[in-house]
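A.B. asks: fold the following, please.
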Amino acid sequence: MIDLRQLEALRAVALEGSVARAAKLLGWSHPTLDYHLHNLDRLVGEPTTVRGPRGTKLTTVGQLLLERGREILTLTDLALADARELTQMGRVRLRVGMFPTAAAALLPATVARLASVDIQVDTVLNELGPLVNAANHREVDAALVYSIPGHRLALREDVHTVEVMRDPMHLALPAHHRLANRPSIDRATLLSLYDEPWLLGAATDDPIDRVATDAFAAAGHRINPVIRTDDFQVMLAMIAAGVVIGLVPKLAMGTHYSGVSFVPIDDPAFTRTILLATPRPSVATAPSAAMKHLVAALRHAIQATD
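C.D. replies: The predicted structure is shown next:
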């Protein structure tokens, strides 16, 4: 098995072009570096370096090995840095912003998983616009937000985002609607519903609603909402009563709601991307160990909802 010190020796020789300078770079003696290179040659079965009057260079085999070895050394360095950071930070408190439907589906499992590594979560519930502002002004350590195709979030350059899931939208219909029993509907069928009574979000610039209004506008139609609300329970109750129809992301659907049929839409444009937005001191700053745990916990919670 390859010893990490063998890869370190090979990397140092490649950087310095000399065994003596490589040993000095690593703080090793010349014999120690020679020992690790010799053992690496024996393990590979042929020389990984060649020495000449102008110094030491890697052979073709050595170059191939170093190409893979750099990845191993980089991952090892990152793992050690994360472990040291997590050990030093003790109990951590993260202030995390979430929109309500995501919190209902993901927050319990996320908080429980983070608690196992001594990370406590203080949650701020809000809609998308305020969450973006909170991330931009560093009022939270992280914010769960979402975007739709063709529309960028107004996040500052120093706010890093990582995708945690793709969330397809469904058409929410009263159970007695003529399309309620369809296994799915295509874009053309959806656009034929322009004259139905629609329910949209309270904000006129809600990204989920813009997917629908933009699609209808491109087809020469305009939908006029009869109700606007961000209260998910009110929305479902109005749909179950046969008053309106609307779009519902899969994450918000839960298991079942009496009187409502959720029909998948066969169009990738009707999908939102859920992102974790984290303010950083600079664009080049790497995510902290706590943030990596947060992303992992969110993805684990998402898998549990499937």
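A.B. asks: what is the subsequent helix or strand relative to the helix or strand of the chain with the lowest mean pLDDT?
C.D. replies: Among the helices and strands of the chain, helix 60-89 carries the lowest confidence by mean pLDDT, DSSP states H and E, at a mean of 76. Counting by DSSP states H and E, the next helix or strand C-terminal to helix 60-89 is strand 92-98.
A.B. asks: that next one - contacts with which helices or strands?
C.D. replies: Packing partners of strand 92-98 (3 or more Cβ pairs under 8 Å, 6 or more residues apart in numbering; DSSP states H and E): helix 100-115, strand 119-125, helix 128-136, strand 142-147, helix 289-305. Yep, even glycine has a C-beta here, placed from its N, CA and C like the rest.
A.B. asks: flag every buried residue along the first one.
C.D. replies: If you call a residue buried by 16 or more other Cβ atoms under 10 Å, then helix 100-115 has these buried ones: 101-103, 105-107, 109-111, 113-114.
A.B. asks: outside of that helix itself, list whatever touches it.
C.D. replies: 94, 98, 120-121, 123, 125, 127, 144, 230, 232, 249, 251-252, 254, 274, 293-294, 296-298, 300-302, 304-305 (Cβ atoms under 8 Å, 6 or more residues apart in numbering).
A.B. asks: likewise for the third one?
C.D. replies: Outside of helix 128-136, the residues that reach it under the criterion Cβ under 8 Å, 6+ apart are 97-99, 124, 126, 139-140, 142-146, 153-156, 159, 203, 205-207, 277-279.
A.B. asks: how about the shortest one?
C.D. replies: The list of residues contacting strand 142-147 from outside it, by Cβ under 8 Å, 6+ apart, reads 94-99, 102, 106, 128, 131-132, 134-135, 153, 155, 161, 164, 167, 207, 272-278, 291, 294, 298.
A.B. asks: 7 Å instead?
C.D. replies: For strand 142-147, the external contacting residues (Cβ atoms under 7 Å, 6 or more residues apart in numbering) are 94, 96-99, 102, 128, 131-132, 134-135, 153, 207, 272-278, 291, 294.
A.B. asks: and what of the second one?
C.D. replies: For strand 119-125, the surrounding residues in contact (Cβ under 7 Å, 6+ apart) are 91-98, 100, 103, 107, 111, 114, 134, 140, 290, 293.
A.B. asks: number of nearby residues for Pro53?
C.D. replies: Neighbour count of Pro53, defined by other Cβ atoms under 10 Å: 4.
A.B. asks: nope, Arg11 is what I was after
C.D. replies: Neighbours around Arg11, by other Cβ under 10 Å: 18.
A.B. asks: and for His177, the neighbour number?
C.D. replies: 19.
A.B. asks: got it, and Ser18?
C.D. replies: By other Cβ under 10 Å, neighbour count at Ser18 equals 17.
A.B. asks: nearest spatial neighbour of it, chain-adjacent residues omitted?
C.D. replies: Gly55 (4.6 Å; Cβ to Cβ, 6 or more residues apart in numbering).
A.B. asks: returning to that earlier point: what subset of the contacts of strand 119-125 is buried?
C.D. replies: The neighbour-count test (16+ other Cβ under 10 Å) applied to the contacts of strand 119-125 identifies 92, 94-98, 103, 107, 111, 114, 134, 140, 290, 293 as buried.
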